[in-house]
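Novice: Sequence isn't available, so here's the structure alone:
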């Protein structure tokens with residue numbers, strides 16, 4: 001059963017998306033800042049959990065995490081690419097880029113919303129961010145013959161900015177001003193919604209013209225993103241079938257919530273306009289898949305009872 005928070009998340013997400021499309025000039029000043037909003041979202045997540053909890057989670061199940069990261073960053077994107085080559089070849093590269101990019105910085109927000117293992121999600125966020133410069137370019141070259149020379153130093157700098165600066169900032173605030181950290185933590189949900197809205201306003205104001213000029217391609221691309229979303233969620237359920245529920249939900253979130261902003265940035269540099277457009281349109285299932293995932297969680301709880 002959907003909660004009031006789920007409905008509010010969907011209303012804010014899709015409402016801001018619509019405003020970005022209909023009022024692109026008004027929202028244009030927000031276009032340079034999606035990475036900043038992602039950093040702030042991760043900062044909010046780190047306020048709710050300590051570094052020691054993340055470290056303990058990584059040390060408690062190192063083989064499981066290593067196996068999951070191998071699946072997440074190599075086996076799964078290859079499987080997605082081969083599947084789309086069979087059923088929807090035009091979008092094979094787009095789907096693989098989404099499947100092979102790192103888990104998004106906003107994944108801990110969804111872990112909290114769906115009562116998943118947030119520490120495990122944060123381990124995957126950090127691990128996949130470290131691995132993606134070494135895994136995604138070779139996969140693109142091997143399967144699609146495209147050269148994608150992601151600058152390693154630039155990617156590491158982005159990693160430090162997006163992941164480790166929020167981590168250090170949250171730890172500093174918790175140590176120096178714990179009362180302030182508590183107040184911010186109590187307002188985490190509304191602040192997160194605001195940051196989601198700002199991200200959508202910036203991204204979709206940039207792609208507004210495409211919505212009007214290519215409606216047929218637009219509808220097809222949206223269908224591709226929803227097919228990908230269901231595929232990602234289903235893969236997370238299957239690969240973690242025997243895990244306890246909160247860990248299984250963490251696997252689902254780690255596959256479904258990816259860093260599509262990075263896909264937009266890098267695919268716009270290396271590929272045709274189709275790939276960044278599909279990445280931007282993944283915003284639809286990015287938020288909407290909370291409905292089937294919530295349904296799966298309720299089913300598992302009922303089955304257990």
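Specialist: Right, received. Where do you want to start? Remember, predicted model here, so these are calculated numbers, not experimental data.

Novice: Could you use CA atoms for every contact and neighbour count after this?
Specialist: Fine.

Novice: which residues sit against stretch 46-66?
Specialist: 119, 120, 122, 123, 124, 166, 167, 170, 171, 174, 181, 185 (CA atoms under 8 Å, 6 or more residues apart in numbering).

Novice: what's the average pLDDT for the helix or strand the third one falls within?
Specialist: Under DSSP states H and E, the secondary-structure element containing residue 122 is helix 118-144. Mean per-residue pLDDT for helix 118-144: 88.

Novice: Over to stretch 216-231?
Specialist: Rounded mean pLDDT across stretch 216-231 is 91.

Novice: Pull the distance from that stretch to the chain's centre.
Specialist: 16 Å (CA atoms, centre = their mean, to the nearest Å).

Novice: Equivalent analysis for stretch 122-139, please.
Specialist: For stretch 122-139, the distance to the chain centre is 13 Å (CA atoms, centre = their mean).

Novice: for stretch 294-305, same thing?
Specialist: 24 Å.

Novice: One more: stretch 125-142?
Specialist: 15 Å.

Novice: Just among the contacts of stretch 46-66, which is most surrounded?
Specialist: Highest neighbour count within the contacts of stretch 46-66, by other CA atoms under 10 Å: residue 122, with 30 neighbours.

Novice: What mean pLDDT does stretch 39-58 get?
Specialist: When pLDDT is averaged over stretch 39-58, the result is 84.

Novice: Check what pLDDT residue 72 gets.
Specialist: At residue 72, pLDDT is 97.

Novice: and it, how many neighbours?
Specialist: 25.

Novice: how much space is there between it and residue 28?
Specialist: 34 Å (CA to CA, to the nearest Å).

Novice: just to revisit the earlier point, from the contacts of stretch 46-66, which two are the most distant?
Specialist: 124 and 181 (24.3 Å; CA to CA).

Novice: and after whichever strand or helix holds residue 231, which helix or strand comes next?
Specialist: Take DSSP H and E as the rule and residue 231 turns out to sit in helix 215-239. Later in the chain than helix 215-239, the nearest helix or strand by DSSP H and E is helix 245-256.

Novice: Now find how far off-centre that next one is within its chain.
Specialist: 12 Å.

Novice: Show me what it is packed up against.
Specialist: With contacts defined as 3 or more CA pairs under 8 Å, 6 or more residues apart in numbering; DSSP states H and E, helix 245-256 has these neighbours: helix 107-113, helix 118-144, helix 215-239, helix 290-304.
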